[in-house]
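> coords below, sequence missing:
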Ligand code: NDP
């Protein structure tokens with residue numbers, strides 16, 4: 001088991017939804033958090049205050065992780081601020097749903113940039129610091145859509161499936177180091193991203209979930225804590241947190 005107290009984590013897109021829950025659950029375990037956001041500063045500030053209230057430490061950094069110079073700045077600020085880096089949670093993500101016939105090149109590229117290329121941008125700069133940790137962790141937040149596909153989601157499914165292949169390959173390359181690399185594939189979780197789905201469509205989705213409900217951000221966050229704390233011999237895996245929707 002890995003002691004998480006005083007470890008340092010970057011959580012991309014840590015200001016809202018699943019990323020905010022991951023930041024909070026890690027902070028409850030004593031991890032110092034670098035909480036990244038792209039535009040909504042108020043959410044980031046609220047999360048920093050909430051983490052401080054429980055006696056944790058958090059530091060917010062604005063960066064668009066789809067841009068390599070921003071991602072580099074994020075990692076450098078994290079290391080400068082806390083003096084080390086142990087955990088990288090690649091969580092930032094967006095959707096731009098459209099059937100393929102109507103999908104614009106702009107929406108294809110934007111979704112690949114934010115969900116997939118961002119992971120190259122952060123990981124390539126963070127890796128030297130992670131390799132110095134006694135228990136480095138890279139966790140990529142993929143999706144059930146990357147495993148099963150999604151109507152109107154060719155761009156998002158391509159990015160999320162890409163993350164799974166990337167996770168396995170990097171896990172192999174780093175297996176002899178102290179750094180593990182895993183993916184989490186959430187099903188449908190009640191965040192702003194999912195609440196943007198029209199109500200009728202969402203009702204139809206929930207009806208297909210064997211557990212008959214949406215997941216909670218905290219339920220994904222606890223998977224992250226498990227991999228960080230108890231995951232010394234777990235690498236290259238996909239952890240499905242989906243109420244049984246995809247097995
Ligand atoms: P939300 O839309 O609730 O939150 C997205 C977060 O990502 C925000 O903090 C946002 O910052 C940040 N973000 C968006 N673009 C960028 C960018 N370019 N650079 C840095 N940060 C960015 O999403 P969820 O919490 O629902 O999703 C989190 C992750 O989980 C995503 O990767 C998503 O694909 C994945 N996922 C979600 C599922 C769900 O059901 N919700 C299911 C499966 C996977 P800001 O507030 O500044 O906009």
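Here it is on my side, so go on. Everything numeric here is computed off the predicted structure, so don't read it as measured data.

> so residue 96: helix, strand or coil?
On the three-state scheme (DSSP: H, G, I helix; E, B strand; the rest coil), residue 96 is labelled coil.

> dump the residue contacts of it.
Going by Cβ atoms under 8 Å, 6 or more residues apart in numbering, residue 96 touches 107, 110-111, 155-156. (C-beta placed from N, C-alpha, C; glycine too.)

> same check on residue 108?
Contact partners of residue 108, counting by Cβ under 8 Å, 6+ apart, are 154-155.

> any chance you could map the helices in the chain?
With DSSP state H applied, the chain shows helices at 17-28, 41-53, 68-82, 105-112, 118-132, 144-148, 154-174, 192-195, 199-208, 217-230, listed in chain order.

> let me have those helices in TSV, adding mean pLDDT and distance to residue 2 as columns.
TSV is the format used below for the helices of the chain (pLDDT from 0 to 100; distance: least, Cβ to Cβ, whole Å):
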stretch	mean pLDDT	distance to residue 2
helix 17-28	98	12
helix 41-53	98	20
helix 68-82	98	17
helix 105-112	98	33
helix 118-132	98	14
helix 144-148	98	27
helix 154-174	98	16
helix 192-195	92	30
helix 199-208	95	36
helix 217-230	98	6
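
> which one of those helices has the most crowded surroundings?
The highest mean neighbour count among the helices of the chain belongs to helix 17-28 (a mean of 25), with neighbours defined as mean count of other Cβ atoms under 10 Å.

> distance-wise, check the residue nearest in space to the middle of the chain relative to the ligand.
In the chain, the C-alpha nearest the mean C-alpha coordinate belongs to residue 91, at 1.9 Å (Cα atoms, centre = their mean). Here the criterion is Cβ to the nearest ligand atom, to the nearest Å. By it, residue 91 lies 5 Å from the ligand.

> surely that residue touches residue 13?
Yes - Residue 91 sits in contact with residue 13 when judged by Cβ atoms under 8 Å, with a separation of 4.8 Å.

> which neighbours do these two share?
What both residue 91 and residue 13 touch, as defined by Cβ under 8 Å, 6+ apart, is the set residue 19.

> report all helices and strands that the strand ranked longest in the chain contacts.
Of all segments of type strand in the chain, defined using DSSP state E, the longest is strand 179-186. Applying 3 or more Cβ pairs under 8 Å, 6 or more residues apart in numbering; DSSP states H and E, we find strand 179-186 packed against helix 118-132, strand 136-141, helix 144-148, helix 154-174, helix 217-230, strand 238-241.

> redo that, cut-off 6 Å
Applying 3 or more Cβ pairs under 6 Å, 6 or more residues apart in numbering; DSSP states H and E, one finds that strand 179-186 contacts strand 136-141, helix 154-174, helix 217-230, strand 238-241.

> relative to residue 55, which of the ones you listed is closest?
helix 217-230 (17.0 Å; Cβ to Cβ).

> so what does that closest one touch, helix or strand wise?
If contacts are counted by 3+ Cβ pairs under 6 Å, 6+ apart, helix 217-230 sits against helix 17-28, strand 136-141, strand 179-186, strand 238-241.

> redo the ones you listed as JSON lines? Include distance to the ligand.
Written out in JSON lines, the entries for the helices and strands packed on helix 217-230 read as follows (distance: least, Cβ to the nearest ligand atom, whole Å):
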{"stretch": "helix 17-28", "distance to the ligand": "2"}
{"stretch": "strand 136-141", "distance to the ligand": "4"}
{"stretch": "strand 179-186", "distance to the ligand": "4"}
{"stretch": "strand 238-241", "distance to the ligand": "9"}
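
> cool, thanks, talk later.
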